[in-house]
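Undergrad: 3D, please:
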Amino acid sequence: MYTPLKLTLLAGAAALSLHAHAHPVLAVAQAPAGSFYKAAIGITHGCAGTATREVIVTIPPGVTGARPMPKPGWTIEIDKIKLAQPRESHGRSITEEVSRIRWSGGSLASAHYDEFVVAATLPRQAGPVYWKVTQVCEQGRADWDEIPAAGQAARDLKSPALRLEVTADPHAGHKH
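TA: Take a look at the predicted model:
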């Protein structure tokens, strides 16, 4: 029989277990190859119970045209890399791509949830795409950047990157 104290201890242990394993999430974890995608990255908690002060998202290879959604009270910094070979987009030659987006200056309490949004175009090949996310908090930081090896489950990693499953384009080969 469980006493009120035992139930309280069990509930507390369950909450700690959930909190220890909670990590950022993608609101939509599957999308067609070559499609426009809105990566809504949910921050589910802070670090050691303290508020998140910065969120840094590394744009996965093959993801193009990344643009962040502004957040009131947060400043956005965008890092770009020069492309080895320019690409065409809407009649323009693109010579660089966004490599990293950083929101800072705001405060997200550990007890609250919020989303940091990036719009982009997905690679044309199907397969997993990993979004690396760093949280910098009032005390500490969390780097969600581990990518599972072949045959390894993300749940076995301490700090897994966010996995997006890019599926085969359902319209590939279909012409109007």
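Undergrad: Can you list the strands that the strand or helix carrying A84 pairs with?
TA: Using DSSP states H and E, A84 sits within strand 75-89. Applying DSSP bridges, strand 75-89 is found paired with strand 92-108 (antiparallel).
Undergrad: now the strand it pairs with, how far from the chain's geometric center?
TA: Between the centre of strand 92-108 and the centre of its chain there are 13 Å (Cα atoms, centre = their mean, to the nearest Å).
Undergrad: cool, and stretch 158-169?
TA: 9 Å.
Undergrad: Put the alpha carbons of it into CSV.
TA: Output of stretch 158-169 as CSV, limited to C-alpha atoms (Å, rounded to 0.1, in the frame of the first residue of the first chain):
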residue,chain,number,x,y,z
LYS,A,158,22.6,11.8,-23.5
SER,A,159,22.0,14.9,-25.7
PRO,A,160,20.5,13.9,-29.0
ALA,A,161,20.1,16.4,-31.9
LEU,A,162,16.6,16.9,-33.1
ARG,A,163,15.8,14.4,-35.9
LEU,A,164,13.6,15.4,-38.9
GLU,A,165,12.7,12.5,-41.2
VAL,A,166,12.8,13.8,-44.8
THR,A,167,10.5,11.5,-46.8
ALA,A,168,10.5,10.9,-50.6
ASP,A,169,8.9,13.7,-52.5
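Undergrad: Touching that stretch from outside, list them.
TA: For stretch 158-169, contacts defined as Cβ atoms under 8 Å, 6 or more residues apart in numbering pick out 23-26, 29-35, 37, 39, 41, 60, 122-133, 142-148, 154. C-beta here means a position set from N, CA and C on the backbone, and glycine is covered the same way.
Undergrad: which parts of it are buried?
TA: Using 16 or more other Cβ atoms under 10 Å as the test for burial, stretch 158-169 gives P160, A161, L162, L164, V166, D169.
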